[in-house]
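Fold the following.
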Amino acid sequence: MSWTHAKPLNNFQHTNTSPQKYSNPVHKPIEIYVFIDPFCSECWSLQPYLLKLYLEYGHLFTFRTILSCHLKVLNESHIEQNHKSSYPTNMYSWIPLAIKAAELQGKNAGKNFLRQLQEYYFLRKMDVIDKQLIIQCAEDANLDVQEFKNDICSATTSKALQCDLAIIKEMEVQSTPTFVFFNQAAVDEQGIKVSGIYSYDIYVSILEEMMHTDIDPVEKPSLEDFLAHYKIAGTKELSIIYDWSIADTLRQLKKLQMMQKVKCIPDCYDDVWKYIKEERKTQSALTD
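Here you go, the predicted structure:
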């Protein structure tokens with residue numbers, strides 16, 4: 001389904017599954033389970049909307065990323081088989097294990113590692129994901145690389161991946177991307193399951209339905225602060241996040257380019273921009 005075609009809210013599926021089995025209540029009332037395949041093009045095209053939602057309404061919710069992979073060999077028996085040796089021999093099983101290993105260093109660490117991995121694949125067109133590139137992504141995400149390497153083969157990582165598989169089964173997720181929204185302050189309420197890609201206003205409407213009130217967005221950080229935090233982004237991605245036309249987005253980026261704060265990366269799909277000014281403080285809105 002194209003992200004440009006939204007369906008009415010009453011077409012969404014409600015689920016009786018409670019999130020409390022898998023997570024503890026937090027101060028933010030809404031928890032969103034995001035089921036993705038890291039290398040699904042539809043999941044990647046959803047990323048600008050997720051970032052925009054997080055920047056504008058992140059004070060209301062937390063994300064939990066679940067690997068609902070159509071990556072080959074992703075099942076419990078293969079995970080157990082791979083852990084009989086020091087490292088998985090099949091790269092497709094290495095990837096989800098690497099993502100879960102990164103998450104062991106914290107939610108933000110896992111999120112940053114996943115974004116780095118997707119940037120190499122979708123923006124830089126590195127369509128062969130090998131061990132060396134995975135380690136590079138860990139370095140780019142500022143992980144403890146040695147700990148990351150050790151964790152890939154740990155029983156804890158294997159159990160975390162198996163937990164994702166159990167959640168997928170219990171919530172009956174059949175496709176990616178899929179969202180499941182829960183209001184943790186109202187444990188008796190059903191969650192809302194959303195499969196496919198919809199227009200941005202639909203996701204805001206779901207948050208309002210879960211909150212039982214109208215909600216207002218907070219101000220987004222400046223473009224420079226966004227790039228200082230995320231390091232790299234595409235023109236189209238930024239135009240969606242900031243509600244600018246492509247022409248206006250390029251105009252703003254070229255201003256930063258003239259100030260030698262960003263550079264355009266050649267040989268990428270779309271125009272991709274990298275932040276090059278180091279040691280700049282980012283706004284607190286960009287951190288959990």
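
And the strands in the protein?
For the chain, the strands defined by DSSP state E cover 13-15, 30-36, 61-67, 178-183, 191-195, 232-234, 262-265, 272-275.

Kindly provide the whole-number mean pLDDT of the last one.
It refers to strand 272-275. Average pLDDT, strand 272-275: 91.

List the pairing partners of that strand within its sheet, with orientation.
If you go by DSSP bridges, strand 272-275 pairs up with strand 232-234 (antiparallel), strand 262-265 (antiparallel).

Kindly report the same for the third one.
Using DSSP bridges, the strands paired with strand 61-67 are strand 30-36 (parallel).

contacts for the strand it pairs with?
If you take C-beta atoms under 8 Å, 6 or more residues apart in numbering as the criterion, strand 30-36 is touched by 19, 23, 43, 46, 50, 60-68, 167-168, 171, 173, 176-184, 207, 210-211. All C-beta atoms are positioned from the backbone trio N, CA, C, and that covers glycine.

Would you write a PyMOL line that selects the buried entries of those?
Of these, the buried ones go into a single PyMOL selection, burial set by 16 or more other C-beta atoms under 10 Å:
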select buried, resi 19+43+46+50+60+61+62+63+64+65+66+67+68+167+168+171+173+176+177+178+179+180+181+182+183+184+207+210+211
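
Hmm, E208 is touching D214, no?
Yes - in this structure, E208 is within contact of D214 by C-beta atoms under 8 Å, at 6.0 Å.

These two: which has the busier surroundings?
Between E208 and D214, counting by other C-beta atoms under 10 Å, E208 is the more crowded of the two (15 against 7).

re the thing from before, pick the most buried one from the strands paired with strand 272-275.
Highest mean neighbour count among these (mean count of other C-beta atoms under 10 Å): strand 232-234, with a mean of 22.

Fine by me, thanks again.
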